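Engineer: Dropping a prediction and its sequence here:
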Amino acid sequence: MNTVRLGQSDLQVTPICLGTMTFGEQVNETDSHAILSHSLARGVSFIDTAEMYSVPPRAETCGATETIIGNWFAKNPGARQKLVLATKVAGPSRGMPWVRQGSGMSAADIVASCEGSLRRLQTDVIDLYQIHWPERHVPAFGAMYYNPEKETSVTPIHAQLEALAGLVKAGKVRFIGLSNETPYGVHEFVRLAEQHGLPRVATVQNPYCLINRTWENGMDETCHRLQVSLLAYSPLGFGLLTGKYDQSGITGVGAPAGARIATYESVRKQRWGRPEALEAARRYNALARESGLTPTQMALAFCYTKWQVASTIIGVTSVAQLDEDLAAWGTTLSPDLLKAIDAMRWQLRDPAL
């Protein structure tokens with residue numbers, strides 16, 4: 001894999017990124033270290049984590065993923081220097097008081113969270129430090145509509161940028177990014193950075209997959225014109241686009257043991273657990289098989305080859321899953337298949353938005 005540049009930053013990353021939110025919940029530390037080592041050996045030089053991981057979030061596992069990665073760095077001298085390391089500062093609590101106290105995300109919160117991540121990761125610098133979700137109220141994680149009556153913002157974007165600038169100046173962060181953002185948010189972060197000489201966001205990490213292509217409803221043009229790169233998460237729709245739920249459903253007899261949607265009620269209550277999301281996934285999966293591909297191959301190739309995507313974040317629970325996802329690299333989708341995918345989206349829209 002050739003590397004790609006993220007935004008206007010100096011970061012050069014592989015177009016596949018290892019996501020780690022399963023570490024510490026679905027995957028124990030020993031197996032997590034095996035996945036990290038195998039990923040690096042296979043040439044993936046970009047890993048992503050967050051202070052609130054593992055997922056589903058619990059007070060008992062908050063920070064566990066970063067700790068596991070930090071222990072792996074300690075056991076593998078030189079590995080840190082071979083990787084671009086991304087992590088995230090949590091936004092307002094969203095019902096998780098163990099992650100963030102109060103209703104907002106203050107400048108002091110950003111600094112304290114960064115210090116905690118550096119300590120757990122056992123590193124001196126974070127290459128890409130991202131705001132996990134906006135401090136202001138936005139329709140995210142399955143919400144459809146913006147409602148100004150729900151606004152609770154207390155820390156202006158300018159103040160957030162100043163806090164991040166302090167971390168960059170101190171050498172604790174190299175570049176910054178956003179996640180779960182909107183066109184307004186990206187424009188405002190870029191505008192204020194350019195106006196006040198503050199760090200410019202390099203990336204946005206948002207969901208992008210066959211059953212959630214909302215990125216193409218405005219964010220694609222915004223980020224293309226502003227030179228901000230997409231890090232696509234959930235390319236397999238939390239497993240729906242692998243085909244493993246096609247026969248059983250997400251809770252039926254034969255539902256895959258240990259899989260996220262089948263195992264965790266909290267996940268089933270989210271966008272990935274909607275009946276419409278499963279039905280759409282079944283149709284895309286059938287299209288893949290009719291085209292001589294596995295559902296996983298088609299779903300990943302869709303992200304791997306789209307001009308909108310700089311790097312696709314893959315989350316796995318085993319070395320075998322990692323190899324399967326990496327093996328999809330190089331798969332091409334014919335023009336006719338892409339037309340069929342677009343026609344299906346016209347009918348199904350984005351059931352897992």
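Structural biologist: Nice, thanks for sending it over.
Engineer: Residue ranges in the chain under the pLDDT threshold?
Structural biologist: Low-confidence segments of the chain, defined by pLDDT under 70: none present.
Engineer: ok, which stretches of the stretch 201-350 of the chain are strands?
Structural biologist: Counting by DSSP state E, counting those that start in this stretch, the stretch 201-350 of the chain forms strands over residues 201-207, 229-233, 309-315, given from the N-terminal end onward.
Engineer: Out of the ones you listed, which gets nearest to residue 278?
Structural biologist: Set against residue 278 and scored by C-beta to C-beta, the strands of the stretch 201-350 of the chain come closest in strand 201-207, at 16.2 Å. Every residue, glycine included, has its C-beta placed from N, CA and C.
Engineer: would you put the C-alpha positions of that closest one in PDB?
Structural biologist: Extracted C-alpha coordinates of strand 201-207, given in PDB (Å, rounded to 0.1, in the frame of the first residue of the first chain):
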ATOM      1  CA  VAL A 201      -7.700  20.300  11.300                       C
ATOM      2  CA  ALA A 202      -6.300  17.600   9.100                       C
ATOM      3  CA  THR A 203      -9.000  15.000   9.300                       C
ATOM      4  CA  VAL A 204     -12.600  14.100  10.100                       C
ATOM      5  CA  GLN A 205     -13.400  10.700  11.300                       C
ATOM      6  CA  ASN A 206     -17.000   9.900  10.400                       C
ATOM      7  CA  PRO A 207     -19.000   6.800   9.600                       C
END
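Engineer: Touching that strand from outside, list them.
Structural biologist: Residues from elsewhere that reach strand 201-207 (C-beta atoms under 8 Å, 6 or more residues apart in numbering): 6-9, 11, 48, 88, 128, 130, 175-181, 186, 189-190, 193, 214-215, 219, 223, 228-234, 310, 313, 352.
Engineer: That one pairs with which strands, and in what direction?
Structural biologist: strand 173-179 (parallel), strand 229-233 (parallel) (DSSP bridges).
Engineer: So which residues of the stretch 51-200 of the chain form strands?
Structural biologist: Remark: strands of the stretch 51-200 of the chain, listed N- to C-terminal, are 84-89, 126-131, 173-179; assignment by DSSP E, counting those that start in this stretch.
Engineer: Tabulate those in TSV, adding columns for mean neighbour count and distance to residue 24.
Structural biologist: Rendered in TSV, the data for these read as follows (neighbours: other C-beta atoms under 10 Å; distance: least, C-beta to C-beta, whole Å):
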stretch	mean neighbour count	distance to residue 24
strand 84-89	26	14
strand 126-131	25	19
strand 173-179	24	19
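Engineer: Tabulate those strands (JSON lines), appending distance to residue 16.
Structural biologist: Formatted as JSON lines, the strands of the stretch 51-200 of the chain follow (distance: least, C-beta to C-beta, whole Å):
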{"stretch": "strand 84-89", "distance to residue 16": "12"}
{"stretch": "strand 126-131", "distance to residue 16": "15"}
{"stretch": "strand 173-179", "distance to residue 16": "17"}
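Engineer: wait, which of those is closest to residue 323?
Structural biologist: Among the strands of the stretch 51-200 of the chain, the nearest to residue 323 by C-beta to C-beta is strand 84-89 (21.4 Å).
Engineer: elements contacting that closest one?
Structural biologist: Packed against strand 84-89, as judged by 3 or more C-beta pairs under 8 Å, 6 or more residues apart in numbering; DSSP states H and E, are the following elements: strand 46-48, helix 107-121, strand 126-131.
Engineer: Can I get these in CSV including distance to residue 332?
Structural biologist: Supplementary listing: those in CSV, determined by distance: least, C-beta to C-beta, whole Å:
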stretch, distance to residue 332
strand 46-48, 22
helix 107-121, 37
strand 126-131, 29
